[in-house]
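*Asks:* output the structure for:
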Amino acid sequence: MPTAPDPREELVQLGARIDALSALVHRLAEENTQLREAQAQLAGERAQLLSRNELARSRVEAMIQRLKSLEARP
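*Replies:* Next up is the predicted model:
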């Protein structure tokens, strides 16, 4: 006949599981913070690239207009 589990051993095991879960929560919170910082940095880089792309597009359009005006001269 199996014996009943020792309540002290169950408490030790439960404490170990709580410690492991606490460490996991801490690690995931740190990872989440790092991911949010990376996301913010990437969003900033994206905004900067979009701005540079718009500037380049404007410059190209201006060059095209100047070329068209040169072609239209007699």
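
*Asks:* and the gap between residue 42 and residue 28?
*Replies:* 20 Å (Cβ to Cβ, to the nearest Å). Any C-beta I mention is one placed from the backbone N, CA and C, and that applies to glycine too.

*Asks:* just the element for the residue most central in space within the chain, please.
*Replies:* By Cα atoms, centre = their mean, the chain has its centre lying nearest to residue 39, at 2.9 Å. According to DSSP states H and E, residue 39 maps onto helix 7-72.

*Asks:* quick one: mean pLDDT over that helix.
*Replies:* The average pLDDT within helix 7-72 is 97.

*Asks:* can you get me a residue count around residue 51?
*Replies:* 10 (other Cβ atoms under 10 Å).

*Asks:* ok, residue 27 next?
*Replies:* Neighbours of residue 27 (other Cβ under 10 Å): 10.

*Asks:* residues contacting it?
*Replies:* Contacts were defined as Cβ atoms under 8 Å, 6 or more residues apart in numbering; by that measure residue 27 touches no other residue.

*Asks:* use 449 as the first number from now on
*Replies:* Fine by me, first position is 449 from now on; the one you just mentioned is residue 475.

*Asks:* how far away is it from residue 481?
*Replies:* Distance from residue 475 to residue 481, by Cβ to Cβ: 11 Å.

*Asks:* likewise residue 456?
*Replies:* In terms of Cβ to Cβ, residue 456 sits 38 Å off from residue 481.

*Asks:* what does residue 466 give?
*Replies:* In terms of Cβ to Cβ, residue 466 sits 23 Å off from residue 481.

*Asks:* and what of residue 452?
*Replies:* From residue 452 over to residue 481 (counting by Cβ to Cβ), the distance is 45 Å.

*Asks:* the more surrounded of those two?
*Replies:* Neighbours per residue, other Cβ under 10 Å: of residue 452 and residue 481, the larger number sits with residue 481, 10 against 5.
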